[in-house]
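**Student:** Show me how the following folds:
(2 chains)
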Amino acid sequence: MSENKPSLMQRLRRAGPWTVLVVFAAGILFWGGFNWALDLTNTEPFCISCHEMRDNVFKEYRHSIHYANRTGVRATCPDCHVPRDWVHKVGRKIKASNELWHWALGTIDTPEKFNAKRLKLAQNEWNRMKDNDSRECRNCHSFDSMDYTEQGRRAVAAHTKGFAAGETCIECHKGVAHTLPPLEQNIGAPKVSGREP
Amino acid sequence: MNLLRIATALSVALACGQAYGAEDSVKLKSLRDTPIEATSRADSFRNLRDREPFARDFVHQPPLIPHAVRGYNVTVNFNKCMDCHSWSKAKEAGATKVSLTHFKDRDGRDLSNISPRRYFCLQCHVPQTDAQPLVSNTFKPVDALQR
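**Tutor:** Numbers count the residues shown, from 1 in each chain, chains lettered A, B, ... in the order given. Model (predicted):
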C-alpha cells in the first residue's frame, strides 16, 4: 500500500539522528523566541514607549488605585488590557494590528485628537470586557474570595445586588483607571467630545 | 481742614510703616510649628471608613461625605457623584438626593436639573479624616440640631 510513500519513522531514520536533533532544538528556540517576543510587547515600558499612551492614559492611570496603593501590588497596562491565556492573548494581539495601523496614521497623536476619540476608545474596551465577562479583572478579583465583612457598606450592597443580577465588573466599574469620556448627565450645556478632561 | 486731615493720615501711615519695619514688635507663630513663610509638612492622616451620614453641626452646613472618594472623576466630562446622588439614581443607589437648592441658577430661577455652578461637589462637600482640630474650641450646635 505505502510502498512508494515512506512512513514518518522511515523518513526520520533516513535523515539521521543529528538532523532530527537540530530540527527539534530549532523548534524549541523558535517557539521560545516567539513567546519571548510576544511577552516583550506585554510590558508597561512597551506600552508607554508610544507617546499616545504615555501622555494620555498612562498619566491618568497613575492617580488610580491600580497604580499606587497600600500593599504595593500593581496592575500594569497588560494585566487589564491583554488576556493571560494563550489563545485569547494571540487573538487580542492580532486585533492590535489595527492599533499599529492607526499609530502609523497618527489617528490619536495629540491630546486633542485623543480626547475626540476617547468615547469610542472607551466603548471598545467596555464592550470587550462586557463580552468576556470581565475576564482580566477576574484574574485578580474573584467573587468567591470577597469578604463582605471587610468591604464598605456601599460595596456590599452594590456587589450582592450586581452578582445576583448576573452583572459583570465593567458594568459599574468604568473609569477606575482612566478619565471617563464625556457622558451626558444633563447638567448645564450639552457635553462636547474632544475637550481636555 | 482738608490739609490737616491729609497730614494726620500721612503721619499715621508713616508710624504704621515704622512699626511694621521693626521686626521685634511683631511675633508671628504658626499653628503647625513651622516658620510662617515655610511650607508646613503635610500631616499623615487617614480617611475615615465608610459610615452612615454625619449629622449636621450648623444650619445650612453642606452635608459631609461619609465615604471614600478616591479616584472619583469630577471632570468636564463626567461627575462621578451624580452616578448615585442625582435624583434619577439616588433611590436605586440608596444615596442622599442632591438638595433642591442646587436646581436654581444665580438669579433664583428654577432649572430642570442641577445648576452648573453647583457642579464641583467637593468645593463644599468634603470627606473626613481623623485629623484633630489645631485649636480647641467649645462650639456647640444650635438647639434645633442638638441630639
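**Student:** From now on I want contacts and neighbour counts done on CA atoms only, so please keep to that.
**Tutor:** Will do.
**Student:** what's the neighbour count on A:Thr71?
**Tutor:** Using other CA atoms under 10 Å in any protein chain shown, A:Thr71 has 6 other residues around it.
**Student:** Can you read off the pLDDT for it?
**Tutor:** Note for A:Thr71: predicted pLDDT of 94.
**Student:** Over to it. Which of the three states is it?
**Tutor:** coil (DSSP: H, G, I helix; E, B strand; the rest coil).
**Student:** contacting residues around B:Ala93?
**Tutor:** Each residue near B:Ala93 by CA atoms under 8 Å, 6 or more residues apart in numbering or on different chains is listed here: A:Ala158, B:Cys84, B:His85.
**Student:** what residues does the helix or strand encompassing the second one touch?
**Tutor:** Spelled out, it's B:Cys84. B:Cys84 is part of helix B:82-85 when elements are defined by DSSP states H and E. Contact with helix B:82-85 is made by A:Gln185, B:Lys89, B:Ala90, B:Ala93, B:Gly94, B:Ala95, B:Thr96, B:Lys97, B:Val98, as judged by CA under 8 Å, 6+ apart.
**Student:** For the next helix or strand after that helix, list the C-alpha coordinates in PDB.
**Tutor:** Scanning forward in sequence from helix B:82-85 by DSSP H and E, the next helix or strand is helix B:87-93. Provided in PDB are the C-alpha atoms of helix B:87-93 (Å, rounded to 0.1, in the frame of the first residue of the first chain):
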ATOM      1  CA  TRP B  87     -32.400  62.400  41.500                       C
ATOM      2  CA  SER B  88     -32.700  59.700  38.900                       C
ATOM      3  CA  LYS B  89     -30.100  57.400  40.500                       C
ATOM      4  CA  ALA B  90     -30.500  58.200  44.300                       C
ATOM      5  CA  LYS B  91     -33.300  55.800  45.100                       C
ATOM      6  CA  GLU B  92     -31.700  52.800  43.400                       C
ATOM      7  CA  ALA B  93     -28.300  53.600  44.900                       C
END
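**Student:** Rounded mean pLDDT for helix B:87-93, please.
**Tutor:** On average, helix B:87-93 scores 90.
**Student:** neighbours around A:Cys137, how many?
**Tutor:** 18.
**Student:** Contacts only, for residue 77.
**Tutor:** All of this refers to chain A. A:Thr43, A:Glu44, A:Cys47.
**Student:** if you could check chain B rather than the one you did, that'd help
**Tutor:** With CA under 8 Å, 6+ apart, B:Asn77 has these contacts: A:Leu180, A:Pro181, A:Pro182, A:Leu183, A:Lys191, A:Val192, A:Pro197.
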